[in-house]
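> 3D model of this:
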Amino acid sequence: MSGRQYLKDQLPVLLINLLGMLALSLFLMANGNGLQIILFILAVWLLVMVLCLLFFYFSRRKHLEKLLDMAEQLEERYLLPEVMKLPKRADDQVFYQIMKMAEKSMLERISGIQRERKEYKEYIEQWIHEVKTPITAMKLICENNPGPFTRDLMAEVENVNRFTEQALYFARSEHAEKDYTVREIRLSEAVHGAIADNKYLLRQNCVSIIVEDIDELVYADDKWVRFILDQLISNAVKYRTDQPVLHFFTRKENDRVLLCVEDNGIGIPPGDLPRIFEKGFTGENGRRIHSSTGIGLYLCRRLCDKLGIGISASSKGKGTTISLSFHSNDFVTGVQG
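Numbering: from 1, shown residues only. Alright, predicted model coming up:
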């Protein structure tokens with residue numbers, strides 16, 4: 001609160017005091033009081049008025065600064081009335097009641113939004129499970145009736161299956177920690193599981209797989225790691241070259257294990273590299289490939305952030321390497337609520 005604004009707010013008080021001083025001066029003069037006595041009384045009045053204004057200004061300023069500090073420390077600032085004391089001034093109490101009403105309205109709105117989001121998430125999950133049943137049936141039909149037509153149909157079915165999986169995990173990612181079971185897993189099992197999940201995609205696009213000794217033990221959740229690897233494999237195939245190669249290997253850095261997924265694809269332009277994990281970002285390469293959505297890598301980063309897994313990307317001309325960083329000891333940190 002600035003001094004100028006405070007004086008502007010106190011303008012009616014100042015005018016009343018000035019009128020009072022004028023009336024008192026006329027009264028004293030009418031009663032034959034000397035000029036010196038009148039000036040002395042007016043000086044005392046003015047001094048008391050200035051001191052009162054200064055006292056109320058600084059006390060008010062201190063009170064407001066305290067409220068601002070309290071608000072800055074709160075993540076949910078609409079909860080400010082919960083940590084405030086009931087003001088003593090009548091006008092402050094009115095504003096306090098208004099804030100309490102606003103807080104109640106906000107909490108009701110948030111509760112409603114959370115309920116709607118929960119219902120929507122449950123609907124999406126149920127819908128995806130319903131859709132996956134005919135997808136599985138169509139895959140079995142295609143596998144049992146090989147031919148040019150079923151091969152093309154199988155490719156489209158795999159695309160639909162991949163998008164439904166992406167939608168399912170996107171819906172679950174908001175509260176991934178509630179569906180996250182930390183246990184000791186072998187990276188080799190997660191990698192081979194992801195390769196098996198994408199066997200048709202890899203076979204159809206003639207992708208060569210190189211898996212080095214990745215028999216490292218880390219602490220994570222197998223299903224989430226496999227889903228992240230699914231997205232990385234899908235991306236590598238999408239931006240492949242004529243003779244695509246996918247290379248899985250590990251290396252250690254201090255108390256962490258890095259699982260690296262390296263391809264020999266078209267690479268990522270240097271200007272796009274810092275933004276590849278942004279939602280909806282497709283970049284220069286994505287604009288040339290119409291099937292790019294900009295969701296896969298964003299979802300990988302979102303899940304990794306929630307689950308305490310580091311993720312980074314590097315690309316030098318041709319080829320791209322995505323590295324996943326896991327804890328290699330049993331003191332797992334970074335899982336966010």
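> tell me the first helix or strand C-terminal of the least confident helix or strand in the chain by mean pLDDT.
Within the chain, no helix or strand scores below helix 80-83, which has a mean of 68 by mean pLDDT, DSSP states H and E. Using DSSP states H and E, the helix or strand that follows helix 80-83 in sequence is helix 90-144.
> tell me how far that next one lies from the chain's centre.
The chain centre lies 16 Å from the centre of helix 90-144; the measure is CA atoms, centre = their mean, to the nearest Å.
> next structured bit after that helix?
Once helix 90-144 ends, the next helix or strand along the chain (criterion: DSSP H and E) is helix 148-173.
> what packs against that next one?
Under the contact criterion of 3 or more CB pairs under 8 Å, 6 or more residues apart in numbering; DSSP states H and E, helix 148-173 touches helix 90-144, helix 199-204, helix 222-238, helix 296-307. (Each C-beta comes from the backbone N, C-alpha and C, glycine too.)
> pull the residues that contact the third one.
Spelled out, that is helix 222-238. Applying CB atoms under 8 Å, 6 or more residues apart in numbering, the external contacts of helix 222-238 come out as 162, 165-166, 169, 176, 180, 183, 185, 189-191, 193-195, 197-198, 201-202, 205, 207, 244, 246, 261, 263, 265, 289, 291-292, 296-297, 299-300, 303-304, 307, 309, 320, 322, 324.
> what comes up buried for it?
Within helix 222-238, the residues scored as buried using 16 or more other CB atoms under 10 Å are 224-238.
> so it versus helix 296-307, what angle?
Angle, helix 222-238 to helix 296-307, by axes from the mean of the first three to the mean of the last three CA atoms, to 10 degrees: 160 degrees.
> what of the longest one?
Angle between the axes of helix 90-144 and helix 296-307 is 120 degrees (criterion: the same axes, to 10 degrees).
> buried stuff in stretch 17-29?
Within stretch 17-29, the residues that qualify as buried by neighbour count (16+ other CB under 10 Å) are Asn17, Met21, Ser25, Leu28.
> out of everything not next to it in sequence, what's closest to the spatially most central residue of the chain?
Nearest to the mean C-alpha position of the chain, counting by CA atoms, centre = their mean, stands Arg302 at 8.2 Å. Closest residue in space to Arg302, ignoring its immediate chain neighbours: Ser173 at 5.4 Å, by CB to CB, 6 or more residues apart in numbering.
> okay, now the domains of this structure?
3-105, 181-327 (automatic domain parsing).
> which of those comes out lowest on mean pLDDT?
In terms of average pLDDT, domain 3-105 trails the rest of these, at a mean of 79.
> need the distance between the two termini of that one.
With CA to CA, to the nearest Å as the measure, domain 3-105 spans 34 Å from end to end.
> how distant is it from the center of its chain?
Centroid separation between domain 3-105 and its chain, computed with CA atoms, centre = their mean, is 43 Å.
> next one: stretch 155-167
26 Å.
> ok, and what's touching it?
With CB under 8 Å, 6+ apart, stretch 155-167 has contacts from 124, 128, 131-132, 135, 138-139, 142, 200-201, 204, 227, 230-231, 234, 291, 295-296, 299.
> hmm, 6 Å instead?
Ile128, Val131, Ile135, Met138, Lys139, Tyr200, Leu201, Gln204 (CB atoms under 6 Å, 6 or more residues apart in numbering).
> PyMOL command to pick out the buried ones of these?
Here the buried members of the contacts of stretch 155-167 are turned into a PyMOL selection, burial being counted by 16+ other CB under 10 Å:
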select buried, resi 128+131+135+138+139+200+201
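> closest to Val257 out of the contacts of stretch 155-167?
Nearest to Val257 among these is Leu201, at 26.4 Å by CB to CB.
> all strands for the stretch 201-337 of the chain, in order.
Per DSSP state E, counting those that start in this stretch, the stretch 201-337 of the chain carries strands over the ranges 208-211, 217-220, 245-253, 256-263, 310-314, 320-327.
> so how far is Gln97 from the closest residue to Tyr96 other than its chain neighbours?
Among residues not flanking Tyr96 along the chain, Pro87 sits closest, at 5.4 Å (CB to CB, 6+ apart). Distance, Pro87 to Gln97, by CB to CB, to the nearest Å: 10 Å.
> likewise for Ile185?
Distance from Ile185 to Gln97, by CB to CB: 55 Å.
> now do His192
The value you get for His192 to Gln97, if CB to CB is used, is 64 Å.
> same question, Leu258
According to CB to CB, Leu258 and Gln97 sit 57 Å apart.
> between these two, who's got more neighbours?
Between Leu258 and Gln97, Leu258 has the larger neighbour count (other CB atoms under 10 Å), namely 17 against 13.
> partners of the more buried one in the sheet?
According to DSSP bridges, the residues that bridge with Leu258 are Arg251, Ser325.
> quick one: contacts for Ile266?
Ile266 makes contact with Tyr239 under the criterion CB under 6 Å, 6+ apart.
> mind doing that once more with 10 Å?
Neighbour list for Ile266: 238-241, 284-285, 288-289, 315, 317-320 [criterion: CB atoms under 10 Å, 6 or more residues apart in numbering].
> among the residues you listed, who's most crowded?
The most crowded member of the contacts of Ile266, judged by other CB under 10 Å, is Thr320 (23 neighbours).
> beta partners for it?
The partner list for Thr320 in beta bridges (DSSP bridges) reads Asp263.
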